[in-house]
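>>> Pasting a predicted model and its sequence here:
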Amino acid sequence: MINRHLRKAVLASVAITAGLLMTACQSGPGADASGKNGTGAAAVAEKVSDAETSKDSSGSGSSGTANAANAANSARSKGVSGSFRNGKVSYLAPGKYIVSAPGKGDQQFWVADDTEVHGAGTICGDAGSRVDAPCTLDQLEAAAKKGAVGADVEMRNGVATLVTERRAAAPQGSGTGSRETAVDGVDKGRGVSGTWFGNVSLLAPGKFTVSDLKGVEQQFFVAEDTDIRGYDDICGDAGTAGRDGTKCTEEQLETAARKGFGAEVVISNGIATSIRDDH
C-alpha cells in the first residue's frame, strides 16, 4: 500500500513537472514572439526617427541656404549709394575696397566690370595732363595695394560706378599753383568757352573731351539742353538727316564717344551748348 501511494505520488509529481514544462514551453514562444514584435516596432520607430531627423536636417540645410541667399540679396538691396568726395581709397581684397571720406567715415565698396576708373598720375595716366586718363581695374588694384589713393567715388548699392583720382596740388612756391578741375571752373563761372573742331571721346557719364587740330584735349560737360545733332556718327543717317541733322540723345552721344568721332563742339562755361558730328 505504501509502495502504491509512493508510486502515485511519484506519478503525480512527474505529471505536475511535465505540466510546468509544457507551460514554460508555451509561454516561451509567446514571449519570443512578443519580443520580436517589440524589436520590430523599435526598429520602425528608429527609422521614423531617423527619417524625421534627416528631414529636419535637410529642412534646416535648405533654410540655411535660403537664409544665406536672402542675406546676400538683402545686402545687395541695402548697399550704400552716394558720392564720397575727397576720399582715400584703400585695397581690402580682390574687387573690394574702402573709401575714407571727410564727414562720412569709412565705407566699403565693390567694383564691377562696368566701373569707370580715371587716373591722374597715381592709378594711371600723366599727372601733368589736363585730362584724366581711363584706367583699368587692375591698375586701380595695383595702385591701391601700394597705398591709399586720393579719389572721389560714386557708389550705387555698394558698387562703385565711378572712381576718379584727385589731382595732387602742386607744392607752394613751385610757380604752377594747384590745378582747378573742370567742375571747379564751371561752379565758379570760369569754365572754358569757345568752338572746337576735333575728336570727341567719353571720360565719364556726362563728361567728355574734344581734341583740337594739335591734339590738345579740352574737357566739357553736357546738360539737358545741350543740342546734339547727328549725321550718321552719333545717330541718324547721312542720306536722310537733312541740313539740321537728326536730334540725338545723350545715351547715343555716350555710345558714339566710347569709340570716338569727329564733331564741332560749342562750349560755354565748360558746358557744351551744341554738338554736331562731322560725318
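Thanks, I have the structure now. None of these values were measured; they are calculated from a predicted model.

>>> Identify the residues contacting Ala112.
Ala112 is in contact with 159-160, counting by Cβ atoms under 8 Å, 6 or more residues apart in numbering. C-beta: built from backbone N, CA, C; applies to glycine.

>>> Which phi and psi values does it adopt?
Backbone dihedrals for Ala112, given as degrees, to the nearest 10, come out at phi -130, psi 170.

>>> now it: how far from Pro205?
Ala112 sits at a distance of 15 Å from Pro205 (criterion: Cβ to Cβ, to the nearest Å).

>>> This protein: strands as residue ranges?
Remark: strands assigned in the chain by DSSP state E are 82-93, 96-101, 105-110, 116-119, 133-135, 149-156, 159-165, 194-204, 207-211, 217-221, 227-230, 246-247, 261-268, 271-277.

>>> what's the closest of those to Gly239?
Closest of the strands of the chain to Gly239 is strand 246-247, at 11.2 Å (criterion: Cβ to Cβ).

>>> Mind listing residues that contact that closest one?
Against strand 246-247 from outside (Cβ under 8 Å, 6+ apart): 227-231, 235-237, 240.

>>> try stretch 250-265
Contact with stretch 250-265 is made by 195-202, 205-206, 208, 210, 220, 222, 226, 228, 230, 233-235, 272, 274-279, as judged by Cβ under 8 Å, 6+ apart.

>>> If any of those are buried, put those into a ChimeraX selection.
Buried subset of the contacts of stretch 250-265, written as a ChimeraX selection, criterion 16 or more other Cβ atoms under 10 Å:
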select :196,198,199,200,201,202,208,210,220,222,226,228,230,233,234,235,272,274,275,276,277,279
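
>>> If I look at Asp42, what pLDDT would I see?
One thing to correct before we go on: residue 42 is Ala, not Asp. We note a pLDDT of 40 for Ala42 in this prediction.

>>> what do you get for Glu141?
Model confidence at Glu141, given as pLDDT, is 95.

>>> low pLDDT regions in the stretch 1-150 of the chain?
1-78, 129-131 (pLDDT under 70).

>>> cutoff 90 now
1-80, 85-86, 101-105, 119-121, 125-134 (pLDDT under 90).

>>> count of residues packed around Ile98?
Ile98 has 17 neighbours, counted by other Cβ atoms under 10 Å.

>>> what residues are up against Asp132?
For Asp132, the contacting residues are 118-120, 125, 164-165, 203, by Cβ under 8 Å, 6+ apart.

>>> And the residues you listed, which is closest to Gln107?
Checking those against Gln107 with Cβ to Cβ, the nearest one is Thr164 at 16.0 Å.

>>> which residues touch the closest one?
Taking Cβ under 8 Å, 6+ apart, we find Thr164 in contact with 117-118, 132, 151-153, 204.

>>> Recalculate using a threshold of 6 Å.
By Cβ atoms under 6 Å, 6 or more residues apart in numbering, the contact set of Thr164 is 118, 151-152.

>>> mind checking how far Thr209 is from His118?
11 Å.

>>> Could you do Ser211 as well?
With distances taken as Cβ to Cβ, Ser211 is found 17 Å from His118.

>>> In terms of packing, which of those two has more residues around it?
Using other Cβ under 10 Å as the criterion, Ser211 and His118 rank with His118 on top: 22 against 18.

>>> which residue packs closest to the more buried one, ignoring adjacent ones?
Nearest residue to His118, sequence neighbours excluded (Cβ to Cβ, 6 or more residues apart in numbering): Asp132, at 3.8 Å.

>>> For that neighbour, give its distance to Lys146.
For Asp132, the distance to Lys146 equals 19 Å [Cβ to Cβ].

>>> In contact with the residue lying closest to Ile228 once chain neighbours are set aside: list those residues for me.
Using Cβ to Cβ, 6+ apart and skipping the chain neighbours, the partner closest in space to Ile228 is Cys248 (4.4 Å). Residues near Cys248 by Cβ under 6 Å, 6+ apart: 228, 230, 234-235.

>>> Can you lay out the residues you listed as TSV showing pLDDT?
Below are those laid out as TSV (pLDDT from 0 to 100):
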residue	pLDDT
Ile228	94
Gly230	91
Ile234	93
Cys235	91
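
>>> just those now: which is nearest Gln139?
Among the contacts of Cys248, Ile234 lies closest to Gln139 (Cβ to Cβ), at 29.6 Å.
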